[in-house]
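**Q** build me a structure from this.
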Amino acid sequence: MQMKKHNFNAGPAILPQEVMAEAAQAVTDFNGSGLSILEISHRDKAFISVMDEARQLVVDLLGLDDTYAVLFLSGGASSQFFMVPMNLLNTNQSAAYIDSGSWASKAIKEAKAFGNVNVPGSSKKDNYSYIPKDFKVDAQEQYLHLTSNNTIYGTQIHEWPDVPVPIVCDMSSDIFSRPLPIEKFGLIYAGAQKNMGPAGVTLVVIKKELLGKKTGSIPAMLDYQIHFENESSYNTPPVFPIYVSMLTMRWIKANGGLEGMAKHNKEKGKRFYAELDSNPLFNGAVTVKEDRSLMNANFLPVNQSDENVFLEACKSAGIVGLKGHRSVGGFRASMYNALPLESVDLLVSVMKDFAQTRG
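**A** Residues are numbered from 1 along each chain as shown. You can find the predicted model right below:
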């Protein structure tokens with residue numbers, strides 16, 4: 001019998017077992033229709049109801065009012081690096097970007113093709129080991145771009161800045177993991193493959209007043225206004241990823257909503273970081289503890305020779321996905337919403353045993 005795997009992969013990542021079971025059934029027979037979810041038309045009433053429910057679940061979970069639009073797009077968060085400035089930034093305007101990691105850096109690079117980019121805060125010189133905080137944003141900026149959680153470096157924003165412009169935020173790796181002060185945000189985007197669903201769909205939540213701001217022309221497929229007017233079906237949407245995302249959001253809502261997820265994630269973080277701070281064989285990769293991520297805990301072996309030995313110990317215990325990003329090394333424990341406490345407890349146990357046998 002196959003040993004149960006404890007999935008710490010950074011993404012695509014763990015999804016709730018109940019969601020996968022229902023999705024698997026829908027691949028064979030969607031809601032008793034005699035057709036697979038993979039076969040039905042995106043114009044069919046059955047899928048339109050899926051899209052409508054998915055949209056409403058985003059509204060319910062984030063506490064959105066009618067001033068926000070919810071879009072389901074393709075292209076991943078990386079496409080949003082250029083779609084955001086393409087839609088919100090004219091060539092004679094500027095936007096502020098905080099450089100807090102690799103994905104933020106890529107967003108900055110893309111935005112420079114569409115307007116002026118100012119970077120009031122950066123932690124690059126310190127290998128992105130903390131979240132920049134003491135920065136000021138001019139009211140003339142069109143928006144402030146943030147990356148809420150950095151999967152590669154293990155940092156996360158826990159206190160949202162007060163700025164005189166709308167916040168645009170890449171929340172790919174911590175969307176739906178905690179409540180948000182939604183009134184601060186003009187636009188949120190997130191690739192699905194961490195907390196929301198499988199890879200293939202990208203969520204965009206945007207203030208309606210930001211639609212149609214661009215003075216120049218935009219290709220239709222890259223225009224938020226067009227996607228809003230066509231209810232995310234200007235072209236064939238990614239039907240299956242939207243369906244699985246809907247199921248996942250149902251699961252989140254049924255398990256306490258964002259407050260429930262926040263409580264669950266804080267407990268996992270508390271247990272893991274308590275062991276990390278007391279274990280003599282490991283060091284945390286984040287220099288400012290208040291910036292530690294609850295989604296991606298990055299840590300390093302004190303002795304480099306222990307790295308592969310520890311990974312083998314984890315593998316033997318059924319733990320997968322713990323190897324750190326190639327640009328950082330070490331280990332990365334990704335603890336998304338669907339990861340149960342028992343998986344974190346097992347990792348902690350392996351770390352304790354490792355210290356006893358190798359210390």
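
**Q** point out where this structure drops to low pLDDT.
**A** Along the chain, segments meeting pLDDT under 70 span 1-3, 359.

**Q** next helix or strand past the longest helix along it?
**A** Criterion DSSP state H: the longest helix present in the chain is helix 257-278. Once helix 257-278 ends, the next helix or strand along the chain (criterion: DSSP states H and E) is strand 282-284.

**Q** in its sheet, what does that following strand sit against?
**A** Each strand paired with strand 282-284, and its direction, by DSSP bridges: strand 296-301 (antiparallel).

**Q** touching, Glu41 and Phe47? I think so.
**A** Glu isn't right for residue 41; it's Ser. Yes. With contact defined as C-beta atoms under 8 Å, Ser41 reaches Phe47; the gap is 6.9 Å. From N, CA and C alone the C-beta is placed, and that goes for glycine too.

**Q** ok, the two, which is more surrounded?
**A** Of the pair Ser41 and Phe47, Phe47 is the one with more neighbours under other C-beta atoms under 10 Å, namely 19 against 12.

**Q** could you pull up the residues touching that one?
**A** Contact analysis of Phe47 by C-beta atoms under 8 Å, 6 or more residues apart in numbering lists 40-41, 239, 243.

**Q** mind checking how far Gly321 is from Gly75?
**A** Using C-beta to C-beta, to the nearest Å, Gly321 is found at 25 Å from Gly75.

**Q** what comes up buried for stretch 246-253?
**A** Under the neighbour-count criterion of 16 or more other C-beta atoms under 10 Å, stretch 246-253 has 246-252 buried.

**Q** and the furthest pair within the residues you listed?
**A** The distance between the two most remote of those (C-beta to C-beta) is 10.8 Å, for Met246 and Ile252.

**Q** what ranges does this structure have for its strands?
**A** 6-7, 68-73, 94-99, 116-122, 144-147, 149-150, 155-156, 167-170, 185-191, 202-207, 282-284, 296-301, 319-320, 331-334 (DSSP state E).

**Q** partner strands of the fourth one and their direction?
**A** The reference is to strand 116-122. Sheet partners by DSSP bridges: for strand 116-122, these are strand 94-99 (parallel).

**Q** surely Ser74 and Gly200 touch.
**A** Yes. At 7.2 Å, Ser74 counts as touching Gly200 under the criterion of C-beta under 8 Å.

**Q** please enumerate the shared neighbours of the two.
**A** By the contact definition C-beta under 8 Å, 6+ apart, Ser74 and Gly200 are jointly contacted by Pro238.

**Q** what about those two, which has more around it?
**A** Neighbours were counted for Ser74 and for Gly200 using other C-beta under 10 Å; Gly200 has more, 20 against 15.

**Q** what does stretch 21-37 contact?
**A** By C-beta under 8 Å, 6+ apart, the surrounding residues in contact with stretch 21-37 are 38, 40, 46, 239-240, 243-244, 247.

**Q** which members of those residues are classed as buried?
**A** Of the members of the contacts of stretch 21-37, the ones counted as buried by neighbours, 16+ other C-beta under 10 Å, are 40, 239-240, 243-244, 247.

**Q** near Ala139, how many other residues are there?
**A** Quick note: Ala139 (other C-beta under 10 Å) scores 7 neighbours.

**Q** apologies, that question was intended for Tyr273.
**A** 17.

**Q** Tyr189 too?
**A** Tyr189: 24 neighbours (other C-beta under 10 Å).

**Q** please tell me how far Asp291 sits from Leu203.
**A** 25 Å.

**Q** mind checking which of the two has more residues around it?
**A** Each of Asp291 and Leu203 has its neighbours counted (other C-beta under 10 Å); Leu203 has more, 28 against 22.

**Q** ok, the more buried one - contacts?
**A** 58, 70-73, 175, 188-190, 192, 196, 245.

**Q** also Ile188?
**A** Ile188 sits next to 62, 168-169, 171, 175, 203-206 when contact means C-beta under 8 Å, 6+ apart.

**Q** fine, thanks again, bye for now.
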